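Enquirer: Got a predicted structure here, sequence first:
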Amino acid sequence: AQSVTQLDSQVPVFEEAPVELRCNYSSSVSVYLFWYVQYPNQGLQLLLKYLSGSTLVKGINGFEAEFNKSQTSFHLRKPSVHISDTAEYFCAVSDQGGSEKLVFGKGTKLTVNP
Amino acid sequence: EAQVTQNPRYLITVTGKKLTVTCSQNMNHEYMSWYRQDPGLGLRQIYYSMNVEVTDKGDVPEGYKVSRKEKRNFPLILESPSPNQTSLYFCASSLRSRSPLHFGNGTRLTVT
């Protein structure tokens, strides 16, 4: 069965600094990978997804993530964050075959300070 | 506007009083799912449905029921709520399983 580990539960950064939110997964088969963002008092929305092809995936709001199969990672990055990026970020993984399940990590709370 | 609509947004109830949280999507999605979100635990799947009349248990189904009589609706039923079901609940839908999910805005349930 697949699992997801988000290595940092909280990440505080200053505005305009770069940020990386780390995500590692385990699975015995090929995977689909997702990052979702949850702004305060809202549901989750899709930030970006990796299904196949290029390992560098670009998403909304200037975020990007790189799929690294050898390290089983899918870290999320942004070169310069804004106050409005303050939110909780969830990494999720789904097997390409077999189980239909989408498994979420426990989330990383990003706080951008002025 | 494409959306997943959950009602109510907030609900306070007492132990043992049956309740239903409704979920409706207007995107003709086949796949629907319920999650609960608890601090430090992330999102855990309660039940999911691959299509009409097809439902299956997720990771934490105990104490919950669902039904999928129509494609657009996927209500979550708590027959006898208990305080450990106090949580933030999300309904989500997607075109099919493994497609990106669209989430509702959540229902915050408190059981006293």
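Expert: That came through fine. Computed from a prediction, not measured in an experiment: that's the story for all the values here.
Enquirer: Can you show me the strands along chain A?
Expert: A:3-6, A:10-14, A:19-21, A:23-26, A:31-38, A:44-50, A:56-58, A:64-68, A:73-78, A:87-95, A:102-104, A:108-113 (DSSP state E).
Enquirer: With adjacent residues omitted, what lies nearest to residue B:80?
Expert: Once flanking residues are discounted, residue B:80 sits nearest to residue B:16: 5.1 Å by CB to CB, 6 or more residues apart in numbering or on different chains. C-betas here are computed from N, CA, C, even on glycine.
Enquirer: Tell me if I'm right that that neighbour and residue B:81 touch.
Expert: Yes. If you go by CB atoms under 8 Å, residue B:16 and residue B:81 touch, sitting 6.9 Å apart.
Enquirer: Okay, and the beta partners of residue 45?
Expert: Going with chain A. residue A:37 (DSSP bridges).
Enquirer: nope, chain B
Expert: residue B:35.
Enquirer: Who are the contact partners of it?
Expert: Contact analysis of residue B:45 by CB atoms under 8 Å, 6 or more residues apart in numbering or on different chains lists A:101-102, B:33-35, B:58-60.
Enquirer: Check what pLDDT it gets.
Expert: Looking at residue B:45, its pLDDT stands at 93.
Enquirer: Mean pLDDT per element in chain A, and the minimum belongs to which helix or strand?
Expert: Scoring the helices and strands of chain A by mean pLDDT, DSSP states H and E places strand A:102-104 at the bottom, with a mean of 88.
Enquirer: So what are the sheet partners of that strand and their directions?
Expert: strand A:87-95 (antiparallel).
Enquirer: which residues touch the partner strand?
Expert: A:2-4, A:6, A:21, A:23, A:25, A:27, A:29-40, A:44, A:47, A:74, A:76, A:100-105, A:107-110, B:42-43, B:97-98.
Enquirer: Next, the angle from it to strand A:44-50.
Expert: For strand A:87-95 against strand A:44-50, the angle by axes from the mean of the first three to the mean of the last three CA atoms, to 10 degrees is 50 degrees.
Enquirer: For strand A:87-95, what is the distance to the chain centroid?
Expert: 5 Å (CA atoms, centre = their mean, to the nearest Å).
Enquirer: ditto for stretch A:3-11
Expert: That offset, for stretch A:3-11, works out to 9 Å (CA atoms, centre = their mean).
Enquirer: give me the number of residues near the closest residue to residue B:36 other than its chain neighbours?
Expert: Spatial nearest neighbour of residue B:36, excluding adjacent residues (CB to CB, 6+ apart): residue B:87 at 4.4 Å. Look at residue B:87: counted by other CB atoms under 10 Å in any protein chain shown, it has 21 neighbours.
Enquirer: can you check residue B:26 too?
Expert: Counted by other CB under 10 Å, the residues lying close to residue B:26 total 12.
Enquirer: re earlier: and the contacts of strand A:87-95, which are buried?
Expert: Taking 16 or more other CB atoms under 10 Å in any protein chain shown as the criterion, what is buried in the contacts of strand A:87-95 is A:2, A:4, A:6, A:21, A:23, A:25, A:27, A:31-38, A:44, A:47, A:74, A:76, A:101-105, A:107-108, A:110, B:42-43, B:97-98.
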